[in-house]
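Student: sequence unknown, structure follows:
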């Protein structure tokens, strides 16, 4: 209502300036002395509605609910605007039926802007009809003209009523939808927080029994055992490693979904990639040839080393999982369009086209068993994507079955001076 008061006031002030400063030969203002009085009345009364509505809004902010006085204020201002429309039409041309433009504009404006319930809409319609009738009879026009004007007003008021009901229905539906969306969002946030809490607790508590099983297995392996028992203990250790990997993935998912940003530092990506390749060459039992191709100059990026190493380890382990022994694995570090480019390229099985759109989804069904029987939780690439996006970067993949896959990471380049 305050906005409507402000607009109505500005319109009347503008009209007043036009009336005062534009030559009378253009405005013909002297022909309408009633316009002068009504315009001053609008300018004087509109601020009253404005400040009254402002006070009621402050009360609403305290009570968090509407009062009957607020409804009365809205209806009163609506009637005020409608009266202004009627008078403007009458003052401009004494034969109302020939010039009801301002009356029509007032009806449409009030019907669209303000929200009235069923009873208020009927009351305002009847009040406007009576108001129009009073003004009409004050014109002392021809009885037939009065009848025609009255019929025209009835048609316009019917349109006003239906417009106001449609506006009420539309705004009420819109409000209910927004309220429902807000409620659903709150429920989703609560469910997500609860899920993350449970996920973290469960994953954390699973570590202890897994560690205990691993410790007992290692103690047992120190003794003299037959071949069958040795094999069984080896299977237990392998299962523990898989279980611990799943637990770590679950914990990582819970951590990455939190809103807390990563702690990052400007890092020499050339040095980081060299260390990563050296570590994998040391522990790579399948003896794949890992080749690093570096940029000619040192490349820097703002990263969290622990998190980013997890991404690289995940991509390299996936590449090795689907590569044959002695296959070459290429790691490429460079610059592309002003961003740091890191690529992990294998020459293995490749990814089927129908799986490509889903490989970064959590618990994806695109997960497959590796060439040496390695299993997949369907979380690794999803975690990698989360980490990269939290670094302000992107990750993508290109693959062709029987040729291999290339995972590409793009990161913002860090300012070298920031390392000082």
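Tutor: Sure, I can see it. For clarity, every value in this text was computed on a predicted model and none was experimentally measured.
Student: from now on I want contacts and neighbour counts done on CA atoms only, so please keep to that.
Tutor: Noted.
Student: and the nearest residue to residue 309 once chain neighbours are set aside, which of the three is it?
Tutor: In space, and not counting its chain neighbours, residue 309 is closest to residue 276: 7.7 Å by Cα to Cα, 6 or more residues apart in numbering. On the three-state scheme (DSSP: H, G, I helix; E, B strand; the rest coil), residue 276 is labelled helix.
Student: for residue 276, the count of nearby residues, please.
Tutor: Other residues near residue 276 number 15, with proximity taken as other Cα atoms under 10 Å.
Student: average model confidence for the helix or strand containing residue 219?
Tutor: Per DSSP states H and E: residue 219 is located in helix 143-221. Averaged across helix 143-221, pLDDT comes to 79.
Student: same question, stretch 393-410
Tutor: What stretch 393-410 shows for mean pLDDT is 91.
Student: for residue 391, what are phi and psi?
Tutor: Recorded main-chain torsions at residue 391 are phi -90, psi 0, according to degrees, to the nearest 10.
Student: give me the spatial nearest neighbour of it, chain neighbours excluded.
Tutor: Nearest residue to residue 391, sequence neighbours excluded (Cα to Cα, 6+ apart): residue 303, at 6.6 Å.
Student: with residue 411 instead?
Tutor: Leaving aside its sequence neighbours, residue 411 sits nearest to residue 393 (Cα to Cα, 6+ apart; 4.5 Å).
Student: now the helix or strand where residue 52 lies: buried residues?
Tutor: Taking DSSP H and E as the criterion, residue 52 maps to helix 33-63. Neighbour-count burial for helix 33-63, counted by 16 or more other Cα atoms under 10 Å, picks out 35, 38, 39, 42, 43, 46, 47, 49, 50, 53, 56, 57.
Student: for the record, mean pLDDT for it?
Tutor: Averaged across helix 33-63, pLDDT comes to 76.
Student: confidence score at residue 333?
Tutor: If you check residue 333, the pLDDT there is 94.
Student: what helices or strands is the helix holding residue 52 leaning on?
Tutor: Contacts defined by 3 or more Cα pairs under 8 Å, 6 or more residues apart in numbering; DSSP states H and E place helix 33-63 against helix 2-21, helix 68-92.
Student: quick check: the gap between the residue nearest the centre of the chain and residue 171.
Tutor: The C-alpha lying nearest the average C-alpha coordinate of the chain belongs to residue 185 (Cα atoms, centre = their mean; 10.9 Å). In this view, residue 185 and residue 171 are 21 Å apart by Cα to Cα, to the nearest Å.
Student: ok, now residue 352?
Tutor: Computed as Cα to Cα, the residue 352 to residue 171 distance reads 49 Å.
Student: next: residue 327.
Tutor: When distance is defined by Cα to Cα, residue 327 is 65 Å away from residue 171.
Student: likewise for residue 145?
Tutor: Going from residue 145 to residue 171 by Cα to Cα gives 38 Å.
Student: cool, and residue 149?
Tutor: Taken as Cα to Cα, the span from residue 149 to residue 171 is 32 Å.
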